[in-house]
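Student: Sequence first, then the predicted structure, then my questions.
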Amino acid sequence: MSGSGRKSHYRKSVTQKVLDEYPEPRESVDEIVCVLASRGSNIFEVLHTNGEVRLTMLPQKYHKLIWIKRGDFLIVTVGDAEMDNKGAVKSLVLHILYKDQIKYLRRKELWPSGFINSEPGWLDRQRPVEDHPNDEASHQKHPEASSSDSRSIKFTQPSDAFYVNSNRRLAHVEDENNDLDEIEN
């Protein structure tokens with residue numbers, strides 16, 4: 001019965017450990033980080049509490065069992081930070097943190113002060129202004145592009161959509177009203 005959804009005992013126990021355990025980071029070895037982006041091949045760009053962005057790797061035991069998205073929090077073990085290779089992976093994921101585990105760490109006062117007001121998905125709500133191509137700052141930088149373009153493209157804001165996929169950037173929608181005006185004239 002292929003495809004019946006059966007899991008081996010090992011895979012099932014790994015999944016249960018991730019979902020049911022309440023891990024605590026070790027003092028000098030582990031850190032809590034936030035995922036900024038996926039680089040592919042189970043390598044992620046993460047933000048540390050000191051503002052430094054590094055690469056981290058998801059171990060083989062989690063492959064095709066646990067998925068990580070942008071804005072999730074992880075407990076990572078830090079390797080040799082003295083290496084100056086910018087593209088080098090410098091940490092390894094020990095645990096993926098979910099809402100209950102984050103609440104537990106906050107109650108025990110183990111949550112880092114750099115992420116004190118953040119929740120899972122906070123990254124999508126606090127995008128920098130430069131990510132929005134339809135804002136006034138981009139029109140001020142390129143006024144000729146916005147005024148001379150006969151076809152306008154409008155970008156939907158996350159608050160306008162019913163469901164926002166947090167793994168994708170803003171979608172664009174072409175304004176068809178201008179096309180109808182051009183045809184009539």
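Tutor: All right, it came through fine.

Student: Please count neighbours and contacts with C-alpha atoms only from this point.
Tutor: Fine.

Student: list the buried ones in the longest helix seen in the chain?
Tutor: Counting residues, the longest helix found in the chain (DSSP state H) is helix 9-20. Using 16 or more other CA atoms under 10 Å as the test for burial, helix 9-20 gives Val18, Leu19.

Student: Mean pLDDT per helix and strand in the chain: which one sits at the bottom?
Tutor: The weakest-scoring helix or strand in the chain, judged by mean pLDDT, DSSP states H and E, is helix 143-148 (a mean of 44).

Student: and the next helix or strand after the longest helix of the chain, what's its mean pLDDT?
Tutor: The C-terminal neighbour of helix 9-20 among helices and strands, as given by DSSP states H and E, is strand 30-40. In this model, strand 30-40 has an average pLDDT of 93.

Student: What lies in contact with strand 30-40?
Tutor: 25, 44-49, 69-78, 111-112, 123 (CA atoms under 8 Å, 6 or more residues apart in numbering).

Student: Restricting to C-alpha, output it in CSV.
Tutor: C-alpha atoms of strand 30-40 as CSV (Å, rounded to 0.1, in the frame of the first residue of the first chain):
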residue,chain,number,x,y,z
ASP,A,30,23.2,27.9,21.4
GLU,A,31,21.4,31.0,20.1
ILE,A,32,17.8,31.8,19.2
VAL,A,33,17.6,33.3,15.6
CYS,A,34,15.0,34.3,13.1
VAL,A,35,14.8,33.0,9.6
LEU,A,36,15.2,35.8,6.9
ALA,A,37,15.3,33.7,3.7
SER,A,38,15.9,30.2,2.3
ARG,A,39,19.0,29.8,0.2
GLY,A,40,18.0,26.3,-1.0
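
Student: Which strands border it, and is each parallel or antiparallel?
Tutor: In its sheet, strand 30-40 lies beside strand 43-47 (antiparallel), strand 73-78 (antiparallel), with partners assigned from DSSP bridges.

Student: What is the subsequent helix or strand relative to the shortest one?
Tutor: If I follow you right, that is strand 43-47. Strand 43-47 is succeeded, C-terminally, by strand 53-57 (DSSP H and E).

Student: now for that next one, which elements pack on it?
Tutor: Packing contacts for strand 53-57, counted by 3 or more CA pairs under 8 Å, 6 or more residues apart in numbering; DSSP states H and E, involve strand 43-47, strand 89-97.
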